[in-house]
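1. show me how the following folds:
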Amino acid sequence: MLAILDQAFAADVLAGLKAPIPAIPARWFYDKRGSELFDDITRLPSYYPSRTETAVLEAIMPEVAALAGPGRAVVEWGAGSLTKTPILLEAIDPAVYVPIDISGTYLRQSARDLRDKLPWLDIIPVEADFARHVELPGAIAALPKLGFFPGSTIGNFVPGSATDLLRSFRAELGTGALLLIGMDRVKPVERLVAAYDDPEGVTAAFNLNLLERINRELDGTVRLADWRHEARWNDILSRIEMHLVSVRDTSFEVLGDRFAFRAGQSIHTENSHKYGPRGARVQLLTGGWTPLKEWTDPAGDFAVMLARAEAERSAP
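-> Numbering: from 1, shown residues only. Model prediction:
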């Protein structure tokens, strides 16, 4: 019997491979190996988002701390390795920290590492798929809350799904909560493609690891040599797309179901939407968050925004 998350993985993979345009949600990249590879990606010279956002966070923390105040419960969705999180936690004096991630093994190890670094902080890790509603620990119910969603992870979701996700965050945190979110900006196509197709081949390994996971966890028979990684810029939708492209006619099984792909056909595995300033604000507003403050690096490559869940209003 598959565990609940494994059942969700199986359902998404089978439905995605049977779809008219085959696609698998990007959240399934992040098993232990995928999480490790993504951490490697963030350190690559061509991958500007992570280091740029880190520099912005380091610069703005005194202002964020003044706006947020002490004693909040910090909730981070898709916490991963928690590399940027200490910048926030050390600045704002929170009451408790709740990291949420789909990769339980990686999450627990990251939480242990963070406890070693911040022994004074109460940490309550939650293994869950944050793309679905998450029940937060009862221990934080009465505390003021600050959501943390760095890395421009919001860009992985198409606008409608991003709106639903932001509304879910609002429902989880409640009226009056704050949200600190990173959003990548539109920039020259050459820089964007290079960030998702590095010459070192780490992003390719990250993408192909999804097929390895299917083989390992879902009795897959995918031949990895039949597939290659490809990053594309979709200008009309303002996003980088990652695809796994078949290099020859190929077929395989997943949990007993058989699939066939022609040479050149692809499985769409990730989107990374890029925002202009106004588009970013509208996205937050449609999700129920009122922008309060926006910061960028000097070149304007990446934005970090602070927003509040204001009381619902039916009129201006």
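2. where does this protein dip in pLDDT?
-> Scanning the chain for pLDDT under 70 picks out 1-5, 81, 314-316.
3. can you give me the helices in it?
-> 4-18, 32-42, 48-68, 85-92, 104-117, 159-173, 189-196, 202-217, 277-286 (DSSP state H).
4. so what touches the fifth one?
-> By that I understand helix 104-117. 30, 32, 35-36, 79-82, 85-86, 97, 99, 101, 121, 123, 125, 127 (Cβ atoms under 8 Å, 6 or more residues apart in numbering). Yep, even glycine has a C-beta here, placed from its N, CA and C like the rest.
5. among those, which ones are in strands?
-> Tyr97, Pro99, Asp101, Ile123, Glu127 (DSSP state E).
6. name the nearest residue to Ala131, ignoring sequence neighbours.
-> Arg27 (5.7 Å; Cβ to Cβ, 6 or more residues apart in numbering).
7. how close does that neighbour sit to Ser50?
-> From Arg27 across to Ser50, the span is 18 Å (Cβ to Cβ, to the nearest Å).
8. cool, and Tyr97?
-> 20 Å.
9. compare the two (neighbour count), which wins?
-> Under the criterion of other Cβ atoms under 10 Å, the comparison of Tyr97 against Ser50 puts Tyr97 first, with 28 against 22.
10. give the contact list for that one.
-> If you count contacts by Cβ under 8 Å, 6+ apart, Tyr97 has them with Ala73, Val74, Glu76, Thr85, Leu89, Leu114, Leu121, Asp122, Ile123, Ile124.
11. identify the bridge partners of it.
-> Val74, Ile123 (DSSP bridges).
12. what's the domain layout of the protein?
-> Using automatic domain parsing, the domains assigned to the chain come out as 48-187+275-308, 189-273.
13. so what would you say the end-to-end distance of the longest one is?
-> To tie it back to what came earlier, the one meant is domain 48-187+275-308. 28 Å (Cα to Cα, to the nearest Å).
14. so how far is it off the chain centroid?
-> Relative to the mean C-alpha coordinate of its chain, domain 48-187+275-308 is positioned 10 Å out (Cα atoms, centre = their mean, to the nearest Å).
15. ditto for stretch 211-218
-> The answer for stretch 211-218 is 21 Å, by Cα atoms, centre = their mean.
16. for that stretch, buried residues please.
-> The neighbour-count check on stretch 211-218 (16 or more other Cβ atoms under 10 Å) flags Leu211, Glu212, Arg213, Ile214, Asn215, Glu217, Leu218 as buried.
17. residues in contact with it?
-> So stretch 211-218 is contacted by 6, 9-10, 13, 28, 31, 33-34, 220-222, 224, 227, 244, 254-255 (Cβ under 8 Å, 6+ apart).
18. out of those residues, which one sits closest to Phe148?
-> Top of the list for closeness to Phe148, among these and by Cβ to Cβ, is Gly34 at 21.1 Å.
19. now do that closest one against Arg213, distance only.
-> Counting by Cβ to Cβ - Gly34 and Arg213 are separated by 7 Å.
20. do you know how far the spatially closest residue to Phe9 that is not a sequence neighbour is from Gly16?
-> Closest residue to Phe9 apart from its sequence neighbours, by Cβ to Cβ, 6+ apart: Trp28 at 5.6 Å. Remark: distance between Trp28 and Gly16 (Cβ to Cβ) = 9 Å.
21. these two: who's more crowded?
-> Neighbour tally, Trp28 and Gly16, criterion other Cβ under 10 Å: the higher count belongs to Trp28, 21 against 17.
22. mind putting the helices of the chain in a markdown table, distance to Pro144 included?
-> Listed next are those as a markdown table, based on distance: least, Cβ to Cβ, whole Å:
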| stretch | distance to Pro144 |
| --- | --- |
| helix 4-18 | 30 |
| helix 32-42 | 30 |
| helix 48-68 | 9 |
| helix 85-92 | 11 |
| helix 104-117 | 21 |
| helix 159-173 | 9 |
| helix 189-196 | 36 |
| helix 202-217 | 36 |
| helix 277-286 | 19 |
